[in-house]
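Engineer: Quick one, structure for this:
(chains A and B)
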Amino acid sequence: MYFDSLHALLQMEGHGPYVWSAYGITFVTLMALIVAPLRRKQRQLRELRGQYRREGN
Amino acid sequence: MWAWFHKWSSPRWFFQLSGRLLPWLAVLTALCLVTGVLWGLLFVPPDYKQGNSFRIIYIHVPAAAVAMAGYMMMAVAGAISLIWRIKLADMVMKCSAPIGAALTFLALVTGAIWGKPTWGTWWVWDARITSVLVLFFLYIGIIALYESFENKEAAGRACAILALVGAVNIPIIYWSVEWWYSLHQPASISFTGESSIHPSMLRPLLLTISGFYTFFGLVLLMFVRNEILERERNTRWVRELVTGATR
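Structural biologist: Now for the predicted structure:
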């Protein structure tokens, strides 16, 4: 490990805020790309079940 | 060969195959990204000129690379759907746009954050950065164009043409740092000669680049599968899948 302490890791000799905010934004964006289709799928399955039930299978 | 191509382009076949592929792709993506990011953040020594801010490279370069590769794939899918009228290609094209837009957004934002401590500014109207901004607008334009049509078949054709015309931007982005005087540094990885990046910094970068590629594939499959369910909702196999197997 390059950094001596957690403090040094967070600080990164002054570059910490830049590095961590870049990684934070990336993490949130990538998670959103995973969660959005999962939620859409749940919604779709619910709607389709309703539609098929109305049509009587 | 042709029969294989035809089978692959069948939405039902694609849905089944991609369902089996998804868990493996998810594991591979997680492995590449987690190891690559931890390695790049914790173990690689800082750059002798840029210090620790260079660690942003492990997300900035993969996001930009996959945003461009994703655009090429989207344009090719658009061409296939224009020429052969393959439904699956149209779905792939439509679903690539939001993913590509998100990755281009990441490339721009992480680049701006990296630029501040390195160049002393968040933004410059430089050839590389401006052409990537154009890429972002192209992705957004394709999403908006698709939504603006009532007739989805016409929407698909219009978007395919826009995607193909916009593809001219990709080589411009790629070579912009060589054609124009630019603040942006040129490519550090070379496939033909010696890379200008030290191997200790390069190895985690190759991991995160691979991880972003498989991430794109993973999310694209998820988007396309939803699109298939939506468009094939009145077919028997979707009906059986929804009422039977998934309960």
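
Engineer: Around residue B:73, how many other residues sit close by?
Structural biologist: Neighbours of residue B:73 under the rule other CB atoms under 10 Å in any protein chain shown: 19. (Glycine included, C-beta is placed from N, CA and C.)

Engineer: sorry, that was for residue B:121
Structural biologist: Applying other CB under 10 Å, we find 10 residues neighbouring residue B:121.

Engineer: Quick check: which element contains residue 24?
Structural biologist: You didn't pick a chain, so chain A it is. helix A:16-55 (DSSP states H and E).

Engineer: I was after chain B.
Structural biologist: Using DSSP H and E, residue B:24 sits within helix B:11-38.

Engineer: Now stretch B:131-149: buried residues?
Structural biologist: For stretch B:131-149, the neighbour count (16 or more other CB atoms under 10 Å in any protein chain shown) marks B:131-132, B:134-136, B:138-143, B:145-146 as buried.

Engineer: about what we covered before: toward the C-terminus, what is the element adjacent to the helix holding residue B:24?
Structural biologist: Past helix B:11-38, the next helix or strand by DSSP H and E is helix B:57-84.

Engineer: other SSEs contacting the next helix or strand after that following helix?
Structural biologist: Downstream of helix B:57-84, the next assigned helix or strand under DSSP H and E is helix B:87-119. With contacts taken as 3 or more CB pairs under 8 Å, 6 or more residues apart in numbering or on different chains; DSSP states H and E, helix B:87-119 sits against helix A:16-55, helix B:11-38, helix B:57-84, helix B:127-148, helix B:152-166, helix B:199-231.

Engineer: before we move on, back to that, could you pull out the buried residues of the helix holding residue A:24?
Structural biologist: By neighbour count with 16+ other CB under 10 Å, helix A:16-55 contains the buried residues A:16, A:18-20, A:22-23, A:25-26, A:29-30, A:33, A:36-37, A:40-41, A:44-45, A:48, A:52.

Engineer: do the same with stretch B:66-79
Structural biologist: Buried positions in stretch B:66-79, judged by neighbour count with 16+ other CB under 10 Å: B:66-71, B:73-79.

Engineer: Report the backbone C-alpha coordinates of it in PDB.
Structural biologist: These are the backbone C-alpha positions of stretch B:66-79, laid out as PDB (Å, rounded to 0.1, in the frame of the first residue of the first chain):
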ATOM      1  CA  VAL B  66     -15.900   2.900 -24.000                       C
ATOM      2  CA  ALA B  67     -18.000   6.000 -24.800                       C
ATOM      3  CA  MET B  68     -16.300   6.100 -28.200                       C
ATOM      4  CA  ALA B  69     -16.400   2.400 -28.800                       C
ATOM      5  CA  GLY B  70     -20.000   2.300 -27.700                       C
ATOM      6  CA  TYR B  71     -20.800   5.000 -30.300                       C
ATOM      7  CA  MET B  72     -19.200   3.000 -33.000                       C
ATOM      8  CA  MET B  73     -21.100  -0.100 -32.000                       C
ATOM      9  CA  MET B  74     -24.300   2.000 -31.900                       C
ATOM     10  CA  ALA B  75     -23.600   3.300 -35.500                       C
ATOM     11  CA  VAL B  76     -22.900  -0.200 -36.700                       C
ATOM     12  CA  ALA B  77     -26.200  -1.500 -35.100                       C
ATOM     13  CA  GLY B  78     -28.000   1.400 -36.800                       C
ATOM     14  CA  ALA B  79     -26.500   0.500 -40.200                       C
END
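
Engineer: can you tell me if that stretch touches chain A.
Structural biologist: No: Stretch B:66-79 lies out of reach of chain A by CB under 8 Å from any CB of the partner chain, never closer than 11.2 Å.
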